[in-house]
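# any chance you could fold what I've pasted below:
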Amino acid sequence: AADKISLIPQDFFAELCEQIIQHLNHKIPGVNTAELCQRIQASGIEINVRDLAKIANIISFLFSTAARNNLSTEELVTALGSSISTLPKHAVQVIRHVWNEQGKSINVSEDARNMATVGQFVDIKWKLGVAMSSDTCRSLKYPYVTVTLKVADPSGQITDKSFEMTIPQFQNFFRQFKEMAAVLETV
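You can find the predicted model right below:
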């Protein structure tokens, strides 16, 4: 991972670290590595989203472990120096700066650790479509609903999950959401 970290410019790496801290503080639902990867690639750096997600997981583990052990900035940098000698200097500087500025704000309560095993809803998008015809049927006129859920997995990586439903499936889906809303209003 250190060789991939060395490819990432310091400003993008700092943004990644800050997003991870915000995620660990439950201020944002996750780190959008796909969007960050596109911006890094647009700047001319060759990195793929899978490698960036691995880096985000490593840094997230680093920060959460440091918070759990209540490490000072110097203790974190010393631990980094003794265990990861190949980490680029600019990365260590960014980690030092971000941890010094925001590291103590990480709340590692037992509730937060238990919640971390479940993904978190970020956004939903939907569209209504009609299949007009196919190579085997000239006149389908078949309506469907496409739903895209944006979900942050437990590590904070944001992914899109898409699925299609027939109109009766969508009506059942909607009915279940109405039931959930009714139950939530009683709480």
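# backbone dihedrals for residue 27, please?
phi -90, psi -30 (degrees, to the nearest 10).
# what's the answer for residue 148, then?
The phi/psi pair for residue 148 (degrees, to the nearest 10) is phi -120, psi 120.
# quick one: distance of stretch 33-40 to the chain centre.
Remark: stretch 33-40 is offset 12 Å from the chain centroid, using CA atoms, centre = their mean, to the nearest Å.
# residues touching the residue nearest the centre of the chain, list them.
In the chain, the centroid-proximal residue (CA atoms, centre = their mean) is residue 157; its distance is 2.4 Å. Residues counted as contacts of residue 157 (CB atoms under 8 Å, 6 or more residues apart in numbering) are 30-31, 33, 53, 56-57. The C-beta positions use only the backbone N, C-alpha and C, and glycine is treated the same way.
# now it, which residues is it bridged with?
Under DSSP bridges, the beta-bridge partners of residue 157 are residue 31.
# related to what we said a few turns ago, between the contacts of residue 157, which is closest to residue 186?
Taking CB to CB as the measure, residue 186 lies nearest residue 30 of the contacts of residue 157, at 30.0 Å.
# who's in contact with the nearest residue to the closest one once chain neighbours are set aside?
Nearest residue to residue 30, sequence neighbours excluded (CB to CB, 6 or more residues apart in numbering): residue 152, at 2.8 Å. Counting by CB under 8 Å, 6+ apart, residue 152 touches 23, 29-31, 119-120, 122, 158.
# dihedrals phi and psi, residue 152?
Backbone torsions of residue 152, given as degrees, to the nearest 10, read phi -100, psi 120.
# just residue 29 next, same as before
Torsion angles, degrees, to the nearest 10, at residue 29: phi -70, psi -20.
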